[in-house]
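Trainee: Could you look at this predicted model? Sequence included:
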Amino acid sequence: MIEGAETPTHAMALFRKKRSQEPLHPAKPDEARNRPIRREEIAMIADPRGQIAEQFRGLRNSVVALNPDGASRTVVVTSAVRGEGKTVSTINLAVALAELPGNEVLIVDADLHHPAIEDYLELPNRQGLADVLAGRCSLDAGIRPTAIEGVSVMGAGSLPENPTRLLGSDRMKVVLNQLKQRFSFVLIDTPEAMTISDASLIGGMADGILLVVRLGSTPRQYVEQTHNTLETLGGNVLGTCLTAAAVEDTARNYSRR
Ligand SMILES: Nc1ncnc2c1ncn2[C@@H]1O[C@H](COP(=O)(O)OP(=O)(O)O)[C@@H](O)[C@H]1O
Ligand SMILES: [Mg+2]
């Protein structure tokens, strides 16, 4: 699981085929329940006793500890550049949060440029966030419970010409507030923040932001610049999630918090 930026899996992710912009069909409400999560990147499922899963439980504990009143929270997951592990981290963190009794977690794919949540969960592309925002589908119709108890998903939906216009709309704020009333945690996967403004925009609407950093590949100044941009736009950066990290580096980082 711990790998460098030049491995074949990473290269493959960079050349993932572009999804069509055809309008999508509505989801069947229970179609995701019977699809086991099988991808090895989802360490919380593939290797729940391993070190990577434990790191996600540590991240989960930090997120929960920052929220002592137990109120529902919206958390944006972003990174400086593409391929740092945002989508994989979002899903792992969702599973880790749902391990705690009583937590209902929703994963929202707000990366309308390169959506990948449904791919990692091996689900068909269905109507989702973009359709809810455009008024083509109800909130309920955009949400599917997954095979993991306590984890539901809202995919990206039919990809729009102008994602930023949809995501920056007042409707997005309304939708996030409605989702917060139904779920304890709403985790929002977004595009990379240095080249696409969407994450900073949604970051300003959410309760917190997690910055995913691929150790040993992302230049430090990119991370700092991204952190500053997110905060300038009103975002509350909760902390970083390190991926592809040597285990001792990760441990050192957590102990500094
Ligand atoms: N913790 C991790 N350790 C090693 N590789 C990872 C980790 N998280 C993600 N990857 C790999 O990095 C690539 C990009 O991950 P992804 O989550 O799709 O990135 P992003 O959403 O930031 O573009 C994938 O090939 C994935 O398998
Ligand atoms: Mg992604």
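Mentor: Happy to help now that I have it. Ligands and ions are numbered 1, 2, ... in the order given.

Trainee: so what's Gly235 up against?
Mentor: Counting by CB atoms under 8 Å, 6 or more residues apart in numbering, Gly235 makes contact with Val76, Ser200, Gly203, Gly204, Ala206, Ile209. Any C-beta I mention is one placed from the backbone N, CA and C, and that applies to glycine too.

Trainee: Now render the residues you listed as a markdown table, adding distance to ligand 2.
Mentor: What follows is those, written out as a markdown table (distance: CB to the ion, whole Å):
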| residue | distance to ligand 2 |
| --- | --- |
| Val76 | 13 |
| Ser200 | 16 |
| Gly203 | 16 |
| Gly204 | 20 |
| Ala206 | 17 |
| Ile209 | 15 |
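
Trainee: Let's have the residues you listed in CSV, adding neighbour count and distance to ligand 1.
Mentor: Shown next, in CSV, are the contacts of Gly235 (neighbours: other CB atoms under 10 Å; distance: CB to the nearest ligand atom, whole Å):
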residue, neighbour count, distance to ligand 1
Val76, 34, 13
Ser200, 22, 16
Gly203, 27, 15
Gly204, 18, 20
Ala206, 24, 17
Ile209, 27, 14
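
Trainee: what about the residue of the stretch 51-200 of the chain found nearest ligand 2, which helix or strand?
Mentor: Relative to ligand 2, the nearest point of the stretch 51-200 of the chain is Thr87 (3.3 Å; CB to the ion). Using DSSP states H and E, Thr87 falls within helix 86-98.

Trainee: swap in Arg60?
Mentor: In this assignment (DSSP H and E), Arg60 forms part of helix 51-65.

Trainee: How far off centre is that helix?
Mentor: Here helix 51-65 shows a centroid-to-chain-centroid distance of 15 Å under the convention CA atoms, centre = their mean, to the nearest Å.

Trainee: Next secondary structure element downstream of it?
Mentor: Downstream of helix 51-65 (by DSSP H and E), the next one is strand 73-79.

Trainee: still on that earlier bit, just checking, what packs against the helix holding Arg60?
Mentor: Here helix 51-65 touches helix 43-46, helix 86-98, strand 208-214, strand 237-243, helix 247-256, going by 3 or more CB pairs under 8 Å, 6 or more residues apart in numbering; DSSP states H and E.

Trainee: Show the average pLDDT along the last one.
Mentor: Meaning helix 247-256. What helix 247-256 shows for mean pLDDT is 40.

Trainee: Run through the residues of the stretch 101-250 of the chain sitting next to ligand 2.
Mentor: Ala116 (CB under 5 Å from the ion).

Trainee: For the stretch 51-200 of the chain, which segments count as strands?
Mentor: Assigned by DSSP state E, counting those that start in this stretch, the strands in the stretch 51-200 of the chain fall at 73-79, 105-109, 144-145, 151-154, 185-189.

Trainee: for the second one, packing partners?
Mentor: Helices and strands touching strand 105-109, as assessed by 3+ CB pairs under 8 Å, 6+ apart, comprise helix 86-98, helix 117-120, strand 151-154, helix 170-182, strand 185-189.

Trainee: Of these, which is nearest Pro29?
Mentor: Smallest distance to Pro29 across these (CB to CB): 10.6 Å, for strand 151-154.

Trainee: Against which helices or strands is the closest one packed?
Mentor: Checking 3+ CB pairs under 8 Å, 6+ apart, strand 151-154 ends up next to helix 86-98, strand 105-109, strand 144-145.
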